[in-house]
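Colleague: sequence and predicted structure below; questions after.
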Amino acid sequence: MDFRQIFGADPETQASAPGRVNLLGEHTDYNDGFVLPTAIPQRTTVQLSFSPDRQHHFYSQELDELVSISDRDGTPQGFASYIFGCIQLLQQEGHTIPPLNLHVTSSVPIGSGLSSSAALEVATLRAVRSRLNLEIDDVRIAQLGQQAEIQYAGVECGIMDQMASSLADTEHMLFLDTRTLERRVLPFPAGAELLVVDSGVPRTLAGSGYNQRRAECEEAARQLGVKALRDITDPQAVETLPEPLRRRARHVITENNRVLEVLQGVSAQRFGDLMNASHTSLRDDYEVSVTALDTLVAILQQTPGVFGARLTGAGFGGATVALVASGQAKAIAQDVLARYNRKGYAGRTLVPEN
């Protein structure tokens, strides 16, 4: 149902934000490391108006769910927790936020590792900024979105997803130093385009090993005597750590090095090699892959025209990303999906859009 059908009036403003796919730099952002995401065509749109009563009313069209809540109530569950968190954080910064009617539509797949939550947070904050004329820049929007996810949704996420949703576009890669927020816009490797395929296995961050991995990295950094694992560049430095801290730290260090190599300028072939190495590291050292992802990645890696492929997002299900020869993404997707789905899975192409 549209905004008028839910709230009996037209929206007063709207804003949108894209999902993202991360090409390299997985699980490095909460280690103060380096990441390389890009925006995807799918977006989340938030329409809003002032509420006539003393409650906020949040409606998700995809979930067909309406949540009514006041600022005095506790944090709601599900999609509303992200929105509520954004509003609470704005108020903590001194902004007066009246009760709102808020309507969400989204083409960003939920549970695919493409940052549907960050798109919701950034779109919400953009819509509130627009309606109330708040002086908040795009970097601050990303930071508030991250804190909403940490404090109100219970996911100890890094800053990458929100920065990508707030600042990236679909035509370039966004290099980001998550410690300093230094960023650089880079072209895709010549002669290549992206292919994103969903494994069909959903995942949830808070219910997965995501927070556990973050705690393991913090303990590894503590034992190595550094503020964060980004401060170590030599993988040999982790060999004294006990398992599984040794492997967790080795992934982060080698993954940061892979991102930094791209900054020097690499061919599509070399970029693909780095993506393949990233997946192996995520599978073996970080242990965040699952059988479906490994199967799909292997099929992609063996397909002519594919330079490289890996899981993308936190893992434990979700999507894969591949770098493929320009103009071949749709044909490769059709071939790969036929082989993957014959194995009993239910994958689908996300980029290029069907």
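Modeller: In hand now; what should we look at?
Colleague: average pLDDT for the lengthiest helix in the chain?
Modeller: When the chain is scanned for its longest helix (criterion: DSSP state H), the result is helix 245-263. Looking at helix 245-263 alone, the average pLDDT works out to 98.
Colleague: after it, next one along is what?
Modeller: helix 268-284 (DSSP states H and E).
Colleague: ok, and what's touching that following helix?
Modeller: Contacts with helix 268-284, where a contact means Cβ atoms under 8 Å, 6 or more residues apart in numbering, come from 23-24, 26-27, 189-192, 247, 250-251, 254-255, 258, 261-262, 266, 288-289, 294, 297, 301, 306-311, 315, 321-323, 325. (Glycine included, C-beta is placed from N, CA and C.)
Colleague: may I see the buried residues of it?
Modeller: Within helix 268-284, the residues that count as buried by 16 or more other Cβ atoms under 10 Å are 268, 270-283.
Colleague: could you find the closest non-adjacent residue to the spatially most central residue of the chain?
Modeller: By Cα atoms, centre = their mean, the chain has its centre lying nearest to Ser115, at 3.3 Å. Take Ser115 and drop its neighbours on the chain: the residue closest to it by Cβ to Cβ, 6 or more residues apart in numbering is Asp161, 4.1 Å away.
Colleague: local confidence estimate at the one you found?
Modeller: pLDDT, Asp161: 95.
Colleague: next one: Ser208
Modeller: Value for Ser208, per-residue pLDDT: 65.
Colleague: what do you get for Asn354?
Modeller: As summarised for this prediction, Asn354 has a pLDDT of 64.
Colleague: now do Leu205
Modeller: The predicted local confidence for Leu205 comes out at a pLDDT of 60.
Colleague: next one: Thr178
Modeller: Turning to Thr178, the model gives it a pLDDT of 96.
Colleague: if I look at it, how far off is Arg246?
Modeller: Remark: distance between Thr178 and Arg246 (Cβ to Cβ, to the nearest Å) = 23 Å.
Colleague: over to Gly111?
Modeller: 31 Å.
Colleague: same deal with Ile110?
Modeller: Spatial separation of Ile110 from Arg246 under the definition Cβ to Cβ is 34 Å.
Colleague: per the record, what domains does the chain have?
Modeller: Each structural domain of the chain that the record assigns through automatic domain parsing is listed here as a residue range: 3-184, 189-351.
Colleague: starting at the chain centroid, how far to stretch 101-109?
Modeller: Distance of stretch 101-109 from its chain centroid, counting by Cα atoms, centre = their mean, to the nearest Å, is 16 Å.
Colleague: ok, stretch 165-181 next?
Modeller: Relative to the mean C-alpha coordinate of its chain, stretch 165-181 is positioned 12 Å out (Cα atoms, centre = their mean).
Colleague: all strands of the stretch 51-200 of the chain, in order?
Modeller: 56-60, 65-69, 100-106, 173-177, 183-186, 192-198 (DSSP state E, counting those that start in this stretch).
Colleague: and whichever helix or strand comes after the last one, what's buried?
Modeller: When you say that, I think you mean strand 192-198. Toward the C-terminus, strand 192-198 is succeeded by helix 210-224 as the next helix or strand (DSSP H and E). Counting neighbours by 16+ other Cβ under 10 Å, one finds that the buried residues in helix 210-224 are 210-211, 213-214, 216-217, 220-221, 224.
Colleague: returning to that earlier point: just the buried ones from the contacts of helix 268-284?
Modeller: Neighbour-count burial (16+ other Cβ under 10 Å) applied to the contacts of helix 268-284 gives 23-24, 26-27, 189, 192, 247, 250-251, 254-255, 258, 262, 288-289, 294, 297, 301, 306-311, 315, 321-323, 325.
Colleague: next, the angle from the helix or strand harbouring Gln14 to strand 173-177.
Modeller: Gln14 is part of strand 13-24 when elements are defined by DSSP H and E. Using axes from the mean of the first three to the mean of the last three Cα atoms, to 10 degrees, the inter-axis angle of strand 13-24 relative to strand 173-177 is 80 degrees.
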